[in-house]
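[1] Using only what follows, build the 3D model:
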Amino acid sequence: MEKIIITGSRGLIGKTIADVMKDRFEVLELDLQLGHDLTDENFVKSWFRKNKAKYLVNLFAITDDIIVNRTQQTLFSISLDSFDKYLRVNLTALFSVCREFARNNKEGSIVNFSSIYGVDSPIPAMYYPNHKHIGYCVSKAGVIMLTKYLAVYLAPTIRVNCVIPGGIENNQQEKFKKKYSEHVPLKRMMKVDEINGIIKYLCSDDSTYTTGAVFCIDGGWTVS
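    As a prediction, this is how the structure comes out:
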């Protein structure tokens, strides 16, 4: 059975993808909850030397939901340390993980995850009186270019693609869900299992001529 590595495997999307892929792959999980610190380059190098796989799906990241003490967080109160942390986890560590996968596997496919806020700026009224953290948005924009760069430099043996999911329904307040849905052509938030199809495609031989692509699975958010 072929192997697939899923980083952030204990998160909302990660758990869903890991469960779905168990029917087709031996799933190797990497997650902070399992004691895996992907910002530790020595750990990343050692782990990927020991664990080969054909596919890598990168779902680890920090978001505003994980950052505590967000009271009155605005553009002018956000600390530079918190900005750096977003870049360190969501972008620098992602580069490290992708590079070590490529270093230790002769062929394969990498799937990275960006965000609608890596393409479009958040709408301030949706988060008032707070501001969506700029570090999240900038880091997720960087994921798109990282993907394109790696797709060129790792070709033709390793394919690299990027998925941009829409906002996933996950016990948000009704007020937020209503505001969000007003900006989506499909008029609702995404269900977590609606991401499964694109991952199955990118982690299969059906996508052997697909690299450097960015797939918006967002209900039309980024085109509305």
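[2] drop to CA atoms for contacts and neighbour counts, all remaining ones
    Fine.
[3] Which strands and helices lie in contact with the lengthiest strand in the chain?
    Counting residues, the longest strand found in the chain (DSSP state E) is strand 158-165. Strand 158-165 sits against strand 108-113, helix 134-153, strand 214-217, with contacts defined as 3 or more Cα pairs under 8 Å, 6 or more residues apart in numbering; DSSP states H and E.
[4] go again using 6 Å as the cut-off
    Here strand 158-165 touches strand 108-113, strand 214-217, going by 3 or more Cα pairs under 6 Å, 6 or more residues apart in numbering; DSSP states H and E.
[5] Single out the most deeply packed of these.
    Stretch with highest mean neighbour count among these: strand 108-113 (a mean of 24; mean count of other Cα atoms under 10 Å).
[6] among the helices and strands packed on strand 158-165, which is nearest residue 156?
    For residue 156, the closest of those is strand 108-113, at 9.9 Å, according to Cα to Cα.
[7] how much does that closest one deviate in direction from strand 158-165?
    Between strand 108-113 and strand 158-165, the angle comes out at 20 degrees (axes from the mean of the first three to the mean of the last three Cα atoms, to 10 degrees).
[8] quick one: low-confidence parts of this structure?
    65-72 (pLDDT under 70).
[9] Strands of that one, start to end?
    Taking DSSP E as the criterion, the chain carries its strands at 3-7, 26-30, 55-58, 108-113, 158-165, 214-217.
[10] Go ahead and name everything in contact with the longest one.
    By that I understand strand 158-165. Contact with strand 158-165 is made by 107-115, 151, 211-218, as judged by Cα atoms under 6 Å, 6 or more residues apart in numbering.
[11] can you do 8 Å?
    Identification of contacts with strand 158-165 by Cα atoms under 8 Å, 6 or more residues apart in numbering yields 102, 106-116, 143-144, 147-148, 150-151, 195, 202, 208, 210-218.
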